[in-house]
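1. Fold the following and give me the result.
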Amino acid sequence: MNRILTVVFALLILSAFGQNKPTEKAQPIIEEGKLLYGSEMASWYGTDLFMESYRDRGNIGGYFSYTANDTSKCIFFSKSEMPEVIGTISFDSTYNASTAKIDLGRRKFTEAEHGLYTIRQLALAEINADTLFKTYNNTTLNLIPLIKGNEKKVYVLTGPQESGVVIFGNDYLLTFDDRHKLTLKKQLHRNIIPIYYGGEEEKDQQIEGTMHSHLPETGDYITATDICTLLLYGKFAKWKTHNVVSKKYLNIWDCETDQLTVVSMDVVEKIHRDQERRNKKKKK
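-> You can find the predicted model right below:
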């Protein structure tokens, strides 16, 4: 951990002086992570606002969120054989609850909403039927349906139900074809990775950085779920950076600027060896 943190600054300088191809290749992951973040933010604040206004709790069948045209919406639907929308909470990019629009009018799903609802329900059925999906104490599984063009996906994230902890891992991806047939069901991280913050020993010091590692089956790059989690909690935790280490790359997420830099581990080792040589010269 210490060795990696010592080279972060050097790597950020290095990336500023040329084209960083691994970082460019990670841009679609960042974009997907931001979509997940927008959905989770709308769900965070939308559920609070809806529950404050809607009284017939027994009629609530569930909810999901999505972003369209710079507006994020949290949609609640009825508990019936033919569900309808019973509440729509809309947010601008600030996710400010005081300026959110609350519409408790009953209506049918739009075509896009019906597509999201369909794959969400299919994913929920898979979760309830397959032991691949794990749950832990003081956590919830959050379903995030996404439809982009011909891509139909449902991400499943593990969210904490207690303060002072950021959870990576225990996340999943399900993909569906145009006929809503399940084509992929994948556990993204093999384990759950809780990282605690805000303890007594941390109150008077700035956390320079945190990290977790990826096994080969998770992939060389930071995941969209990692990006979402860092956008949700990084600033709350007051982290400066979070690093994701794989066999091939060091993924450096700047929690203050929400920027990603990806550098080959070969470069990391080269910089580390160079620093060791310089330190030895200074000691002579």
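
2. all helices of the stretch 101-250 of the chain, in order?
-> Residue ranges of the helices in the stretch 101-250 of the chain, as given by DSSP state H, counting those that start in this stretch, are 111-129, 224-233.

3. Which one of the ones you listed lies nearest to E151?
-> When those are ranked by distance to E151, counting by C-beta to C-beta, first place goes to helix 111-129 at 10.6 Å. The way it works is simple: take the backbone N, C-alpha and C, and place the C-beta from them, glycine included.

4. Distance from the chain centre to stretch 63-73, please.
-> Centre-to-centre, stretch 63-73 and its host chain are 16 Å apart (C-alpha atoms, centre = their mean, to the nearest Å).

5. buried residues in that stretch?
-> Within stretch 63-73, the residues scored as buried using 16 or more other C-beta atoms under 10 Å are 63-67, 72-73.

6. Could you find which two of those residues are furthest from each other?
-> Every pair of the buried residues of stretch 63-73 checked by C-beta to C-beta; the farthest is Y63 and T67, at 14.7 Å.

7. Of the helices of the stretch 101-250 of the chain, which stretch is the most buried?
-> Per residue and on average, the most neighbours among the helices of the stretch 101-250 of the chain fall to helix 224-233, with a mean of 24 (mean count of other C-beta atoms under 10 Å).

8. which helices and strands does that one pack with?
-> Packed against helix 224-233 by the contact rule (3 or more C-beta pairs under 8 Å, 6 or more residues apart in numbering; DSSP states H and E) you find helix 27-53, strand 151-160, strand 165-169, strand 249-254.

9. excluding its backbone neighbours, what's nearest K235?
-> C255 (6.4 Å; C-beta to C-beta, 6 or more residues apart in numbering).

10. Count the residues that sit near the one you found.
-> Neighbouring residues of C255 were enumerated by other C-beta atoms under 10 Å; the total is 21.

11. Tell me who's in contact with it.
-> Under the criterion of C-beta atoms under 8 Å, 6 or more residues apart in numbering, the neighbours of C255 are 230, 234-235, 237, 239-242.

12. Give me the below-cutoff pLDDT ranges for this structure.
-> Using pLDDT under 70 as the threshold, the predicted model of the chain has low-confidence ranges 1-20, 199-206, 272, 274, 276-284.

13. Quick check: buried residues in stretch 89-97?
-> Along stretch 89-97, these residues count as buried under the neighbour rule (16+ other C-beta under 10 Å): 89-91, 95.

14. what does stretch 40-47 give?
-> Of the residues in stretch 40-47, those buried by neighbour count under the rule 16+ other C-beta under 10 Å are 40-47.

15. now stretch 175-195
-> Along stretch 175-195, the positions that meet the burial threshold by neighbour count (16+ other C-beta under 10 Å) are 175-176, 182, 185, 187-189, 193-195.

16. Going by distance to K101, which of these wins?
-> The shortest approach to K101 among the buried residues of stretch 175-195 belongs to F176, at 30.4 Å (C-beta to C-beta).

17. show me what contacts the closest residue to that closest one other than its chain neighbours?
-> Counting by C-beta to C-beta, 6+ apart, K152 is the residue found nearest to F176 once chain neighbours are left out, at 4.2 Å. With contacts defined as C-beta under 8 Å, 6+ apart, K152 is in contact with 115, 119, 145-146, 175-178, 180.

18. Ok, P216 next?
-> Residues touching P216, when contacts are defined by C-beta under 8 Å, 6+ apart, comprise 246-247.

19. What's the local residue count around H214?
-> 23.

20. any idea what sits nearest it, other than its immediate chain neighbours?
-> In this structure, H214 finds its nearest non-sequential neighbour in S246, 4.3 Å apart by C-beta to C-beta, 6+ apart.

21. My read is that that neighbour contacts D220, right?
-> Yes. Taking contacts as C-beta atoms under 8 Å, S246 lies within contact range of D220: 4.4 Å.

22. Name the residues contacting each of those two.
-> Common neighbours of S246 and D220, counting by C-beta under 8 Å, 6+ apart, are H214.

23. which one of the buried residues of stretch 89-97 is nearest K79?
-> For K79, the nearest member of the buried residues of stretch 89-97 is I89. The distance, counting by C-beta to C-beta, is 18.3 Å.

24. hang on, that closest one packs against M51?
-> No. Under the criterion of C-beta under 8 Å, I89 makes no contact with M51, lying 10.4 Å away.
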